[in-house]
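Colleague: just to be clear, the model below is a prediction. Sequence and coordinates:
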Amino acid sequence: MEKMDLLKTLKPLYQASAKEMALVDVPAMNFLMVDGVGDPNTAPAYAQAVEVLFMVSYTLKFMIRKGPLAIDYGVMPLEGLWWVDDMSKFSVADKSIWQWTAMIMQPSLVTPEMVATAIADVQAKKHPPAISRIRLASFAEGRCAQVLHVGPFSEEGPTIARLHQFIEAHGQRSGKHHEIYLSDIRRADPSKWKTIIRQPMA
């Protein structure tokens with residue numbers, strides 16, 4: 001059976017330093033996505049989105065491993081795009097107006113037909129509330145700056161501020177605030193949570 005290590009292949013995009021800002025060029029990649037609105041800490045829709053993303057991602061992984069392709073790979077980490085209509089008012093202090101897209105990157109070998117089969121399988125077996133909201137879409141960010149935040153999400157503010165200062169010294173912000181969650185927050189100590197903070201720039 002062939003094994004595919006996406007985190008290794010895409011290392012510059014899924015590994016970052018907490019000390020130094022990095023500039024990366026992010027190509028178009030395919031993601032399973034679910035959109036929503038509201039504070040991720042309290043909105044049931046966000047928890048439901050995360051649940052269905054992992055359900056369908058793991059179903060795809062096992063379909064491909066057991067199917068004719070016989071390729072094994074690790075499911076990629078959860079990611080999130082966060083924004084408000086007026087990004088000058090984007091603040092961690094008020095998350096109730098946040099709009100978001102929760103998403104998990106999929107290998108290029110995953111086809112829309114495979115996704116449709118996986119969604120139907122999850123729907124039949126589990127009936128998750130957010131199953132009708134999931135979709136496969138291509139997403140490209142282009143030139144971005146990123147940095148690693150270590151610690152709870154509630155303490156991201158200074159890290160985000162440092163990233164924004166770096167961007168303002170080299171250009172200007174564009175696009176949506178992007179986070180990549182490298183830790184399993186169900187098991188890891190919050191003080192050790194690792195999150196890549198990424199921001200597209202012009």
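Modeller: Ah, there it is. Residues are numbered from 1 along each chain as shown.
Colleague: could you list the low-pLDDT ranges of this structure?
Modeller: Residues of the chain meeting the criterion pLDDT under 70: 87-93.
Colleague: could you pull out the helices for it?
Modeller: 6-9, 11-14, 44-66, 112-126, 157-170 (DSSP state H).
Colleague: nearest to Asp189, of the ones you listed?
Modeller: Set against Asp189 and scored by C-beta to C-beta, those come closest in helix 157-170, at 17.9 Å. Just so you know, the C-beta spots here come from the backbone N, C-alpha and C atoms, and that holds for glycine as well.
Colleague: so which elements touch that closest one?
Modeller: Helices and strands touching helix 157-170, by 3 or more C-beta pairs under 8 Å, 6 or more residues apart in numbering; DSSP states H and E, are strand 142-150, strand 194-200.
Colleague: and among these, the most buried is which?
Modeller: Mean neighbour counts were taken over these using mean count of other C-beta atoms under 10 Å, and the top value, a mean of 21, falls to strand 194-200.
Colleague: could I get the helices and strands packed on helix 157-170 as CSV with distance to Gln106?
Modeller: Converted to CSV, the helices and strands packed on helix 157-170 look like this (distance: least, C-beta to C-beta, whole Å):
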stretch, distance to Gln106
strand 142-150, 20
strand 194-200, 18
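Colleague: re the thing from before, distance to Arg143 and mean neighbour count added to the helices of the chain, as TSV?
Modeller: Formatted as TSV, the helices of the chain follow (distance: least, C-beta to C-beta, whole Å; neighbours: other C-beta atoms under 10 Å):
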stretch	distance to Arg143	mean neighbour count
helix 6-9	20	14
helix 11-14	13	16
helix 44-66	26	19
helix 112-126	28	15
helix 157-170	10	14
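Colleague: what's near enough to touch the residue nearest the centre of the chain?
Modeller: Centrality entry for the chain: nearest residue to the mean C-alpha point is Glu79, 1.2 Å, by C-alpha atoms, centre = their mean. For Glu79, the contacting residues are Phe31, Ala102, Met103, Ile104, Met105, His178, Glu179, Ile180, Tyr181, by C-beta atoms under 8 Å, 6 or more residues apart in numbering.
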